[in-house]
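Visitor: What follows is a predicted protein model with its sequence.
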Number of protein chains: 2
Amino acid sequence: MKLSTKGRYAVTAMMDIALHEKVGPVTLADISQCQGISLSYLEQLFSKLRRNGLVKGVRGPGGGYRLAKPASEISVADIIDSVDERLDLTKCGGKGNCNNGEKCLTHQLWHDLTCDLHRFLSGIKLDQYVNRPQISELVKKQDAQYGRFLNRRTAA
Amino acid sequence: MKLSTKGRYAVTAMMDIALHEKVGPVTLADISQCQGISLSYLEQLFSKLRRNGLVKGVRGPGGGYRLAKPASEISVADIIDSVDERLDLTKCGGKGNCNNGEKCLTHQLWHDLTCDLHRFLSGIKLDQYVNRPQISELVKKQDAQYGRFLNRRTAA
DNA sequence: TAATTCCTGAGTAATTTAGTCAGGAATCTA
DNA sequence: TAGATTCCTGACTAAATTACTCAGGAATTA
């Protein structure tokens, strides 16, 4: 039982954007460099995040991505659902025909578990982590290390 | 975010054994047929379950597998851990060196989530599901359909 | 002795994941 | 208007994992 890096990368990237909301749009090139994720791969992921209404792209110099809604309204479940196709642990995708047309012995178990997991992830909003001093420190250190946002005015 | 069928198959198979504890050892051939899982694949999984002390194999005619301890002491987490290598959602496997030697922005999040998930799965013991009337019905129907245990005395 | 069942390890096909590549479209700055 | 920047898209590829097969041996029972 592993989380694909797809979901993990997406959440990390969204976190990066949320952490810089006050500075302005964040480019994928920056995220790629700082978080160690391939640029082209990020582009794929953001195509999905955009289609699902989680981010807005801003083209041209000084552009990048911003959150499409407040960080307090974006949950980890939203992000994973967007890129990861599905958060479902049953074999049958919830249809209940997992064994020969009938439900398999563990259908109910996986169904319950999926619901719990989803509820849990839905409860975690981006802003919860953004506001942690521990994480603010980390990102400040990172920004300095890579010289991000050096020649940019602070935007609303 | 998906559960590999490895974990799902293992739990289903263990459930099958638990449900027939009173009848005697359950053969992998039976599980294979009733639950729709390849026999050779089951053998691989049970090799791990055995090494992790969850089942005991009984060779020879009338043999099969039984639980190595009471169903009330076997959790879903135990089973998944046994076959699935690891229940860990962090990139670094918990080491904290996920981004360039430092923790990545979402390390804490995945760590928390992993703990919660593990706690949740540890709380689900096999006997909880075995005692559900819904599931007893299902397995009774299955046994009849495949003619299991027809010529076997009920063993202690 | 023969049937049954566990048990092991090596190999393979299919799928998914992660990542590359090439090129176009919108936007900004000069 | 030119050129830089950045998003944006789709097709392709490499690597890893998953799911599964195969061949054969070992213990046990009848």
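Guide: Nice, I can see it.

Visitor: Chain A: helices as residue ranges?
Guide: Assigned by DSSP state H, the helices in chain A fall at A:5-19, A:28-35, A:39-51, A:76-84, A:107-123, A:126-130, A:133-146.

Visitor: Nearest to B:V11 among the ones you listed would be which one?
Guide: B:V11 lies closest to helix A:107-123 among the helices of chain A, at 7.0 Å (C-beta to C-beta). In short, each C-beta sits where N, CA and C put it, glycine included.

Visitor: Check which residues of that closest one are buried.
Guide: Buried residues in helix A:107-123, counted by 16 or more other C-beta atoms under 10 Å in any protein chain shown: A:H107, A:Q108, A:L109, A:W110, A:H111, A:L113, A:T114, A:L117, A:H118, A:F120, A:L121.

Visitor: could I get those as JSON lines with pLDDT?
Guide: Shown next, in JSON lines, are those (pLDDT from 0 to 100):
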{"residue": "A:H107", "pLDDT": "85"}
{"residue": "A:Q108", "pLDDT": "84"}
{"residue": "A:L109", "pLDDT": "81"}
{"residue": "A:W110", "pLDDT": "82"}
{"residue": "A:H111", "pLDDT": "86"}
{"residue": "A:L113", "pLDDT": "79"}
{"residue": "A:T114", "pLDDT": "82"}
{"residue": "A:L117", "pLDDT": "80"}
{"residue": "A:H118", "pLDDT": "85"}
{"residue": "A:F120", "pLDDT": "82"}
{"residue": "A:L121", "pLDDT": "85"}
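
Visitor: would you turn the residues you listed into CSV with distance to chain B?
Guide: Formatted as CSV, these follow (distance: C-beta to the nearest C-beta, whole Å):
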residue, distance to chain B
A:H107, 9
A:Q108, 7
A:L109, 6
A:W110, 7
A:H111, 12
A:L113, 7
A:T114, 9
A:L117, 7
A:H118, 10
A:F120, 6
A:L121, 7
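
Visitor: Save these as a markdown table, and put in distance to A:V76 too.
Guide: Below are those laid out as a markdown table (distance: C-beta to C-beta, whole Å):
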| residue | distance to A:V76 |
| --- | --- |
| A:H107 | 26 |
| A:Q108 | 25 |
| A:L109 | 23 |
| A:W110 | 20 |
| A:H111 | 21 |
| A:L113 | 17 |
| A:T114 | 15 |
| A:L117 | 11 |
| A:H118 | 10 |
| A:F120 | 9 |
| A:L121 | 5 |
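
Visitor: and of these, the nearest to B:Y146?
Guide: Nearest to B:Y146 among the buried residues of helix A:107-123 is A:H107, at 18.5 Å by C-beta to C-beta.

Visitor: Which residue lies closest in space to that closest one, excluding its sequence neighbours?
Guide: A:C98 (5.5 Å; C-beta to C-beta, 6 or more residues apart in numbering or on different chains).

Visitor: and if you look at A:R50?
Guide: The shortest distance from A:R50 to any non-neighbouring residue, by C-beta to C-beta, 6+ apart, is to A:G57 (5.9 Å).

Visitor: beta partners for the one you found?
Guide: A:Y65 (DSSP bridges).

Visitor: can you count the residues close to the closest residue in space to A:Y9 that isn't next to it in sequence?
Guide: Leaving aside its chain neighbours, A:Y9 sits nearest to A:I37 (5.2 Å; criterion: C-beta to C-beta, 6+ apart). By the criterion of other C-beta atoms under 10 Å in any protein chain shown, A:I37 has 22 neighbours.

Visitor: how far away is A:I37 from B:V23?
Guide: Distance, A:I37 to B:V23, by C-beta to C-beta, to the nearest Å: 53 Å.

Visitor: same check, this time on A:Q142
Guide: Distance of A:Q142 to B:V23, given as C-beta to C-beta: 60 Å.

Visitor: check contacts around the residue nearest to A:R50.
Guide: Neighbouring residues of A:G57 by C-beta atoms under 8 Å, 6 or more residues apart in numbering or on different chains: A:F46, A:R50, A:G63, A:G64, A:Y65.

Visitor: do the same with A:F149
Guide: The contact partners of A:F149, by C-beta under 8 Å, 6+ apart, come to A:H20, A:V23, A:G24, A:D143.

Visitor: Give the buried subset of the residues you listed as a ChimeraX selection command.
Guide: In ChimeraX syntax, the buried subset of the contacts of A:F149 is picked out as below (16+ other C-beta under 10 Å):
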select /A:20,24,143
